[in-house]
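1. Let me see the structure of the following:
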Amino acid sequence: MRGMDYKWLEALDSVVNQRSFERAAEHLYISQSAVSQRIKQLEKWLAQPVLIRETPPRPTPAGKKLLGLYRRVRLLEHELVPELMNEESSQALSVSIATNADSLATWLLPALSDVMKTRQVELNMAIHGEARTIAKLKNGEVAGAISLESQAIPGCRADYLGRMDYVCVASPEFYQRYFSEGVNYATLKRAPAVSYDQYDDLHKKFLHDHFNVPRDAVINHTVGSSEAFVRIAMSGVAYCLIPRLQIVEELESGSLIDITPGFLLSYRIYWHHWQLESGVLKEISQAILNYAHQHLPQ
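-> Below you'll find the model as predicted:
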């Protein structure tokens, strides 16, 4: 990257994070003209645009790659410089992690609790579907990602975490109302279900693969909260696919019942992270791996 000035990347990062050139200038304590000039110099050096100039400004694909480089350098600098200078860093290390909502609602926070208690770290959780988190790592937006993808991207590792086992559940009242004649093609087409968002294909895949129900043939609510899935199922509004780990007590008490015993949807999940890690970043990865291997089905 000879010839590139990291002040240009600092300006790009600030414009994207602050969502405007004006606020970026205030954040960097320089003029708005100086911010614009740094972005222009970067684009001239790169011979292509790094920002889509709309409201708010968005990075181009090239801009995303440069932001990934800059943020990775900042993380490594934060870890290395205090060590070289034999002094404690006074600023918390900001680390972004891309995770699916179900991992966050079940095992991920307990895995990270000790690191959050003992180290000066600021965790930013970006919640996306399991199939989409890896894109955030590719773009450099996060330092690690929980994904279904087993193949590591260049410069990273993909460590196996375990399985997420999903159970199809409903309240006893809902079961009697919709499935008194059994769970089959006809009854499933009448019963309302729930998905996380428009990208969540888990429930439709379950119906199609196990019962040959067409993907768009059912009432399917969209609720962007793993915790709300449990409340919806408990209230008798719909039936849901929920991680077994999240509803152990509800299944044992009978407040939720497995409506398709013997049918289980399982996904193998992986922790994607940089190959070269030290300090807090290494501790985060180790904490995630240790906890997952102890608490997730292997």
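
2. Point out where the stretch 1-150 of the chain drops to low pLDDT.
-> Along the stretch 1-150 of the chain, the model assigns pLDDT under 70 to residues 1-2, 79, 81-90.

3. if we go to 80?
-> Within the stretch 1-150 of the chain, the ranges that satisfy pLDDT under 80 run 1-3, 72, 75-92, 130-131, 139-140.

4. Number of residues surrounding Pro297?
-> Neighbour count of Pro297, defined by other C-beta atoms under 10 Å: 11. Quick note: C-beta positions are derived from backbone N, CA and C, even for glycine.

5. How about Phe263?
-> Residues within reach of Phe263, counting by other C-beta under 10 Å, total 15.

6. what's the answer for Asn124, then?
-> Applying other C-beta under 10 Å, we find 12 residues neighbouring Asn124.

7. Next: Glu77.
-> By other C-beta under 10 Å, 10 other residues sit near Glu77.

8. what's the helix or strand for it?
-> Using DSSP states H and E, Glu77 maps to helix 61-84.

9. could you dump that helix to PDB, C-alpha only?
-> As requested, the backbone C-alpha atoms of helix 61-84 are provided in PDB (Å, rounded to 0.1, in the frame of the first residue of the first chain):
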ATOM      1  CA  PRO A  61     -17.000  -2.100  -2.700                       C
ATOM      2  CA  ALA A  62     -13.500  -0.700  -2.800                       C
ATOM      3  CA  GLY A  63     -14.200   1.700   0.100                       C
ATOM      4  CA  LYS A  64     -15.500  -1.300   2.200                       C
ATOM      5  CA  LYS A  65     -12.200  -3.200   1.600                       C
ATOM      6  CA  LEU A  66     -10.200  -0.100   2.600                       C
ATOM      7  CA  LEU A  67     -12.300   0.300   5.700                       C
ATOM      8  CA  GLY A  68     -11.700  -3.300   6.600                       C
ATOM      9  CA  LEU A  69      -7.900  -2.700   6.300                       C
ATOM     10  CA  TYR A  70      -8.000   0.500   8.300                       C
ATOM     11  CA  ARG A  71     -10.100  -1.000  11.100                       C
ATOM     12  CA  ARG A  72      -7.900  -4.100  11.300                       C
ATOM     13  CA  VAL A  73      -4.800  -1.900  11.600                       C
ATOM     14  CA  ARG A  74      -6.500   0.100  14.300                       C
ATOM     15  CA  LEU A  75      -7.300  -3.000  16.300                       C
ATOM     16  CA  LEU A  76      -3.700  -4.300  16.000                       C
ATOM     17  CA  GLU A  77      -2.300  -0.900  16.800                       C
ATOM     18  CA  HIS A  78      -4.500  -0.800  20.000                       C
ATOM     19  CA  GLU A  79      -3.200  -4.200  21.000                       C
ATOM     20  CA  LEU A  80       0.500  -3.700  20.100                       C
ATOM     21  CA  VAL A  81       1.500  -0.100  20.900                       C
ATOM     22  CA  PRO A  82       0.800  -0.200  24.700                       C
ATOM     23  CA  GLU A  83       2.700  -3.500  24.900                       C
ATOM     24  CA  LEU A  84       5.700  -2.000  23.000                       C
END
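
10. what's the following helix or strand after it?
-> Next along from helix 61-84, by DSSP H and E: strand 93-99.

11. Can I get that following strand in CSV, CA atoms only?
-> Below are the C-alpha coordinates for strand 93-99, written out as CSV (Å, rounded to 0.1, in the frame of the first residue of the first chain):
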residue,chain,number,x,y,z
LEU,A,93,-10.7,-1.7,22.6
SER,A,94,-13.8,-1.6,20.3
VAL,A,95,-14.5,-5.0,18.8
SER,A,96,-17.3,-5.8,16.3
ILE,A,97,-18.7,-9.3,16.0
ALA,A,98,-21.3,-10.5,13.5
THR,A,99,-23.7,-13.1,14.9
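
12. For it, name the packing helices and strands.
-> Applying 3 or more C-beta pairs under 8 Å, 6 or more residues apart in numbering; DSSP states H and E, we find strand 93-99 packed against helix 61-84, strand 121-127, helix 133-138, strand 144-147, helix 279-295.
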